[in-house]
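Colleague: Sequence and predicted model, in that order:
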Amino acid sequence: MVKIAPSLLAADFACLEREVRRVEDGGADWLHLDVMDGRFVPNITFGPLVVKALRRLTRLPLDVHLMIEEPWLHLEAFARAGADILTVHAEACPHLHRVLQSIRGLGCRPGAALNPATPPEAVDYVLPDLDLVLVMSVNPGFGGQEFLPLSLAKIRAIRSRLRHLSGPAPLLEVDGGVTVERAGDLVEAGVDVLVAGTAVFAEPDAAAAIAALRRAGAAG
């Protein structure tokens, strides 16, 4: 069954504990945390201290997406803060394999993210070392953007590659413009994890929103 990972970027930051509780009680599988540095993307969000505080609030796996330059300098801090999954961008890592090894060595699950213009080939040689492949279906840096249709072809291409792995395949995650109306097509294309920001946090009933995404995905 498809996993639902509400993106904290769309939450009310004045009431983070309440927001985390309502998605956890509403049936979320993971909590997706977008870390931005104002350099790799044109926005700044939060760092390890917020991740550490969130770790105390929830038992959900913390899916930490590092949209930052030189992420290898900060891996240990985020691992100590309580991240379960650490995803770095292929575009930010000239030595991607080494970074993924470091993440696993810190006891976290390694992920690699691809921006919309980055081809699937960018992660071909590290697929066996990944627990997660994240396809950005918007240009990263801001929430609430419209889904880029070109992302479906990339998702299908990556899913095809994963089928040819001899060992366990990483999960395939999509982030950006995810809605109930689009969830079925995404799961049909091969997605395992739907990151949803406004589709969950902007709804008064988080449980109903998560259930709707799950039903739509199951129909895909």
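Modeller: Great, that's in hand.
Colleague: tell me the SS of Met36?
Modeller: Classification of Met36 by DSSP: H, G, I helix; E, B strand; the rest coil places it in strand.
Colleague: That one is in contact with Ala92, isn't it?
Modeller: No: taking contacts as C-beta atoms under 8 Å, Met36 lies outside contact range of Ala92: 11.9 Å. The way it works is simple: take the backbone N, C-alpha and C, and place the C-beta from them, glycine included.
Colleague: Which neighbours do those two have in common?
Modeller: Ile68 (C-beta atoms under 8 Å, 6 or more residues apart in numbering).
Colleague: Can you get me a residue count around Phe40?
Modeller: Phe40: 20 surrounding residues under other C-beta atoms under 10 Å.
Colleague: How about the one 5 residues further on?
Modeller: Using other C-beta under 10 Å, Thr45 is surrounded by 19 other residues.
Colleague: who's in contact with it?
Modeller: 9, 34-36.
Colleague: got a markdown table for these, with distance to Met67, neighbour count and pLDDT too?
Modeller: Formatted as a markdown table, the contacts of Thr45 follow (distance: C-beta to C-beta, whole Å; neighbours: other C-beta atoms under 10 Å; pLDDT from 0 to 100):
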| residue | distance to Met67 | neighbour count | pLDDT |
| --- | --- | --- | --- |
| Leu9 | 10 | 23 | 94 |
| Asp34 | 6 | 25 | 97 |
| Val35 | 6 | 25 | 98 |
| Met36 | 5 | 21 | 97 |
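Colleague: and Arg55, how far is that from Leu31?
Modeller: Distance check for Arg55 against Leu31: by C-beta to C-beta, to the nearest Å, it reads 10 Å.
Colleague: from the contacts of Thr45, which is closest to Val50?
Modeller: Val35 (8.7 Å; C-beta to C-beta).
Colleague: Please name the nearest non-neighbouring residue to that closest one.
Modeller: Spatially, and ignoring its direct neighbours in sequence, Val35 is nearest to Leu66 (5.1 Å; C-beta to C-beta, 6 or more residues apart in numbering).
Colleague: so the one you found sits in a helix?
Modeller: No: judged by three-state DSSP, Leu66 forms no part of a helix; its state is strand.
Colleague: With neighbour numbers in mind, choose between Arg55 and Leu31.
Modeller: Remark: of Arg55 and Leu31, Leu31 carries more neighbours, 26 against 17, as counted by other C-beta under 10 Å.
Colleague: Pull the contacting residues for the closest residue to that one other than its chain neighbours.
Modeller: Distances taken as C-beta to C-beta, 6+ apart put Leu60 closest to Leu31, at 4.7 Å, once the chain neighbours are dropped. Neighbour list for Leu60: 20, 23-24, 28-31 [criterion: C-beta under 8 Å, 6+ apart].
Colleague: No further questions, thank you.
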